[in-house]
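> Let me see the structure of the following:
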Amino acid sequence: MSSTPNEHDLQQLVEEVDRGGRRVSGLFGALVFTVALFWAVFQLWYASPLPFTFNFGILNDTEARALHLGIAMFLAYVAFPATSRSARDRIPLHDWLLALIAGFCGAYLFLFYNQLALRPGIPTTMDVVAASIGLVLLLEATRRALGMPMAVLGTVFILYVFLGPWLPDALAHRGASLERLVSHMWLTTEGVFGVALGVSVSYIFIFVMLGSLLDRCGAGNYMMQVSFSLLGHLRGGPAKVAVLSSAVNGVVSASSTANVVTTGIFTIPLMKRAGYGGVRAGAIETAASADGQIMPPVMGAAAFLMIEYVGIPYTDIIKHALLPALLSYISLFYIVHLEALKLGIQPMMAAATPRTLIQKVARIGMGVSGTLIVIAAIYWIGVGTQRLFPQQAFGILVTLLALLYVGLVWMASRHPDLPDTVSVTDPVRPEVWPTVRTGLFFLIPIGILVWSLTIERLSPGLSAFWAVVAMLVLMVTRRPLQAFFRQQQISAAFVQGLRDAIDGLQAGARNMIGIALACGTAGLIVGAITLTGLGLRMTAFVELVSMGNVLLMLGFTALVCLILGLGMPTTANYILMATLMAPVVVELGAQNGLIIPLIAVHMFVFYYGLMADITPPVGLATFAAAAIAGEDPLRIGIQGVKYAMRTAVLPFMFIFNPLLLLIGIDSWYELIFVVVGSIIGSLAFAAATMGWMRVKSKPIEIILCLVATFMLFRPDWFMDYYQPKYLSVAPSQIYEVAADLAPGKRFVVEIEGMNLEGDELRKTVGTVLPPLPEGATDLDTQAAGRKRLADAGIGLMAFGDMVQISNISFGSQARRAGWEQGWDVVAVKQLNPQRPSEYLVYIPALLILWLIWWRQGARLRTEPQPVLQAGQSI
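Numbering: from 1, shown residues only. Here you go, the predicted model:
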């Protein structure tokens, strides 16, 4: 067993994984620092409205992507050593040379954009040479930053382009020349400079920068300290703190490894002292940290790619991701509580002021209600100001925000700063309000981000830009303001704040190196798929493997995600699987009569991609936790997979029940039913997988728990046996059904026709229709239905009782959902008015769980219960 590393070793691990392991000082170190800082400033400029305000520095998407990749490739060669034995304190001459060439090739489209635009599709010898060298150097940079598997996969797809004519019939294609390959991959936006790199430029960088700045200014430590104040005194408190602090830390850092190191350096030793043991402690921290990527509003980089792939606003992605993320963390919180019960763990921290149960409930109620009142007041002040003073609203709100900020800093300055660490040997739970009030100003940039996204409906990039601006102002001014209020020296505090801001910007840029390269290399893979037509063959291949069974197909997709995740970051894994598998899952589901929303498939792929951070033998977050716990990474990985089962089952549930993604919910009472039912279901599943509720569960109780879980997650499955959800009506009634459909409900039809391979197919497709615009409510039923369908991108031709799809608008949700132009509508699905509410199934499910709870309570009072040791399992 290895000794526990110190904080420097752990930070070096994060440097190796996220920012490159080199720490170069002197002139060369200053040069690398300056390039990274320039990259951050460029991205801030690109995300801001300033280029259009001053009509200066305006770049189109292609130019921005090229400059973005060029800088990333340059930094990859100077920041990431070639091998594990390469020097970390200096940059060899050959790496400088490779960095300059890579930067030139990466930025080639930026440097020669006008010349290339004048000769599209006619590359010169210089173009071919630069593109060829660029591809090779991109793969080498990817190997350095992301590991060998990602680079090998990119190489395989390039070889696939060349070897097409000699491959078996199932994979064969015409092949391509070197000139065509490099032109497609490097001189257009079909390959490396495609959608993925565009999202990296527009959205991902600015959000990563926001997280870096929050981490640099101490927001991560503040969130951990607040977690300790809230939960440190509970049974198994350190583990519950790990869960909560990792959830809120997901806002600061979307890196699982950095999340483990930031919180785990304190929580893992405390969990070991509490009695969890090193393996369980490391696994709990790993599972909690990996799920930080699914926690809105700042999710992992792959979430921003969904904007382009699914074609919905980021606010909708946040909405769809919110409930599954909460379910994942709530069930993990319950799991660590069950582990505490099994191990007989008692509270190890005492509150500074003991309180009765009534006092505790009153304080919790006051805290929750007070928070909701403050949020509501801020909302109504903001909205009211915009309505009453539309011209002056921006200035008034900025002034009010500045006054609020100064007031919060003044309140915090009257009390000591939070400690930077938590005592492992003698932990004491701090008071909640004194801890919370010391860093409330950290919530202002996050509040600005949420306000801009949800209320102002700004783009994700522009919303994050304003949040970053607020964060920079906070970092530069917070220390001087506190020094002023404490009557200390202001100049030194100002210099320290300015240094933190600059360091945070360049650290954010270095965090982006791997993500930018992952997007570029994944674009290369996507380019190979589009160049060879491999995507069209995937449907037949997956259908053959799964034998047309949707559940087997999803299992195959999950397995491929986990295998690819062994050598790929979540972002690249998502891009590849979203390109290859997401359309296939939707298509085969439709052919089996199952409507799978496209966002559900993309969330499925996203979830299983991030699971690779946990699964052995290569999960990087697991290795970080093992280094802190001083345990075997394989054992921690296996235990982490057990804890992550509650996350692994969620994607299958929301594929078949999109209500879990808050899709199709049209009333508050239905929302309450879905949220409460799914929370209880996730707790029941956690109890079943842990084999414990109040005491050790018997086999029949575990089975009943799983049955109740399924009833709570899939009440529609049971109700379908009593009454079908849809009734089929004639195609001639399609406009009437479309006109009468409630907002938010899916319009469903059966269609049949011939696919590109000449096969006659029949499938079920559906899409949500937009409501009628204002002023169109006086239309008759036929016209109203036609208008709603047209607004959804669906054009129809009716010939008596026959209806044919005449047009599907490019880029519409209908096209993404699998609607086919030229196919015939066979049947229109109308919601069954006779079907009882599916939530009636909750009643027997809750009775089953109550029965188990009652039976275990009786055993708890009459039978002695075994207490496990930390290294045992049950």
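> Give me the distance from the helix or strand containing Phe394 to the chain's centre.
If you go by DSSP states H and E, Phe394 is part of helix 393-413. On the basis of C-alpha atoms, centre = their mean, to the nearest Å, helix 393-413 sits 31 Å off its chain's mean C-alpha point.
> Mind listing what's buried along it?
Residues of helix 393-413 classed as buried by neighbour count (16 or more other C-beta atoms under 10 Å): Ala393, Leu397, Leu401, Tyr405, Leu408, Val409, Ala412, Ser413. In this view, the C-beta of every residue, glycine as well, is placed from N, C-alpha and C.
> now do stretch 593-604
Result for stretch 593-604 [16+ other C-beta under 10 Å]: buried residues Ile595, Ile596, Pro597, Leu598, Ile599, Ala600, Val601, His602, Met603, Phe604.
> which residues sit in contact with the second one?
Contact analysis of Ile596 by C-beta atoms under 8 Å, 6 or more residues apart in numbering lists Val550, Val585, Val586, Gly589, Ala590, Ile655.
> Tell me the secondary structure of the closest residue to the fourth one other than its chain neighbours, please.
It refers to Gly589. Spatial nearest neighbour of Gly589, chain neighbours left out: Ile596 (4.1 Å); criterion: C-beta to C-beta, 6 or more residues apart in numbering. Here Ile596 takes the coil state, with states given by DSSP: H, G, I helix; E, B strand; the rest coil.
> Check Trp854 too.
helix.
> And it, how far from Leu706?
From Trp854 across to Leu706, the span is 18 Å (C-beta to C-beta, to the nearest Å).
> Could you give the average pLDDT over stretch 803-821?
Per-residue pLDDT over stretch 803-821 has a mean of 84.
> Need the pLDDT of the closest residue to Ile58 other than its chain neighbours.
In this structure, Ile58 finds its nearest non-sequential neighbour in Pro51, 4.6 Å apart by C-beta to C-beta, 6+ apart. pLDDT, Pro51: 92.
> go on, Pro864?
Looking at Pro864, its pLDDT stands at 65.
> and what of the one 4 residues further on?
In the predicted model, Leu868 carries a pLDDT score of 54.
> Leu683 now?
For Leu683, the model assigns a pLDDT of 94.
> hang on, the earlier thing: show me the contacts for the residue nearest to Ile58.
With contact set as C-beta under 8 Å, 6+ apart, Pro51 has these partners: Trp45, Gly57, Ile58, Leu59.
> same question for the host helix or strand of Thr530, mean pLDDT?
Counting by DSSP H and E, the element that carries Thr530 is helix 490-532. Per-region confidence: helix 490-532 scores 90 on mean pLDDT.
> ok now that helix, how far from the chain's centre?
Distance of helix 490-532 from the chain centroid (C-alpha atoms, centre = their mean) equals 17 Å.
> show me where pLDDT drops low in the stretch 151-300 of the chain?
For the stretch 151-300 of the chain, applying pLDDT under 70 flags the ranges 250-255.
> nope, the stretch 1-150 of the chain is what I meant
The low-confidence ranges in the stretch 1-150 of the chain, as defined by pLDDT under 70, are 1-21.
> which stretches of it form helices?
Taking DSSP state H, counting those that start in this stretch as the criterion, the stretch 1-150 of the chain carries its helices at 7-14, 26-47, 50-54, 61-79, 93-106, 108-111, 113-118, 125-146, 148-162.
> Show me what counts as buried in the fifth one.
Counting neighbours by 16+ other C-beta under 10 Å, one finds that the buried residues in helix 93-106 are Asp95, Leu98, Ala99, Ile101, Ala102, Gly103, Phe104, Cys105, Gly106.
> quick revisit: which of the buried residues of helix 393-413 sits closest to Gly753?
Of all these, Gly753 sits closest to Ala393, with 52.5 Å by C-beta to C-beta.
> List the contacts of that closest one.
Thr385, Gln386.
> Count the neighbours of Asp791 for me.
16 (other C-beta atoms under 10 Å).
> wait, what's in contact with it?
By C-beta under 8 Å, 6+ apart, the residues touching Asp791 are Leu769, Pro770, Pro773.
> Any quick PyMOL command for the buried ones out of those?
A single PyMOL command is used to select the members of the contacts of Asp791 judged buried by 16+ other C-beta under 10 Å:
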select buried, resi 769
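> Okay, and which of the contacts of Ile596 map to strands?
Within these, no residue falls in strands by DSSP state E.
> In those, find the pair that's most separated.
Farthest pair in those (C-beta to C-beta) is Ala590 and Ile655. Separation: 13.2 Å.
> ok, back up a step: can you put the helices of the stretch 1-150 of the chain in TSV and add distance to Arg510?
As requested, the helices of the stretch 1-150 of the chain are arranged in TSV below (distance: least, C-beta to C-beta, whole Å):
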stretch	distance to Arg510
helix 7-14	11
helix 26-47	5
helix 50-54	24
helix 61-79	6
helix 93-106	14
helix 108-111	21
helix 113-118	27
helix 125-146	10
helix 148-162	19
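> Going by distance to Ala376, which of the contacts of Ile596 wins?
Distances from Ala376 to the contacts of Ile596, taken as C-beta to C-beta, are shortest for Ile655 (35.3 Å).
> show me the contacts for the closest residue in space to the closest one that isn't next to it in sequence.
Using C-beta to C-beta, 6+ apart and skipping residues adjacent in sequence, the residue nearest Ile655 is Ala600, 5.2 Å away. By C-beta under 8 Å, 6+ apart, Ala600 lies in contact with Phe654, Ile655, Pro658, Leu661, Ile663.
> one more time with 6 Å
Neighbour list for Ala600: Phe654, Ile655, Pro658, Leu661 [criterion: C-beta atoms under 6 Å, 6 or more residues apart in numbering].
> need the next SSE after the helix or strand hosting it, C-terminal direction.
Following DSSP H and E, one finds Ala600 within helix 598-610. Heading C-terminal from helix 598-610, the first helix or strand you meet, by DSSP H and E, is helix 620-629.
> now that following helix against helix 598-610, angle please.
Taking axes from the mean of the first three to the mean of the last three C-alpha atoms, to 10 degrees, one finds helix 620-629 and helix 598-610 inclined to each other by 40 degrees.
> same for the helix or strand where Leu761 lies, what does it pack against?
If you go by DSSP H and E, Leu761 is part of strand 760-768. Packing partners of strand 760-768 (3 or more C-beta pairs under 6 Å, 6 or more residues apart in numbering; DSSP states H and E): helix 582-591, strand 746-754.
> Between strand 746-754 and that strand, find me the angle.
Relative orientation of strand 760-768 versus strand 746-754 (the same axes, to 10 degrees): 160 degrees.
> Run me through the strand neighbours of strand 760-768, direction for each.
Paired neighbours of strand 760-768 in the sheet (DSSP bridges): strand 746-754 (antiparallel).
> Only the C-alpha atoms, please, for the helix holding Ala600, written as CSV.
Only the C-alpha atoms of helix 598-610 are listed here, as CSV (Å, rounded to 0.1, in the frame of the first residue of the first chain):
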residue,chain,number,x,y,z
LEU,A,598,-33.3,12.8,-29.6
ILE,A,599,-32.2,14.6,-26.4
ALA,A,600,-32.8,11.3,-24.5
VAL,A,601,-30.4,9.4,-26.7
HIS,A,602,-27.7,12.1,-26.4
MET,A,603,-28.1,12.2,-22.7
PHE,A,604,-27.8,8.4,-22.6
VAL,A,605,-24.5,8.6,-24.5
PHE,A,606,-23.3,11.5,-22.3
TYR,A,607,-24.0,9.6,-19.1
TYR,A,608,-22.2,6.5,-20.2
GLY,A,609,-19.3,8.5,-21.5
LEU,A,610,-18.6,10.0,-18.1
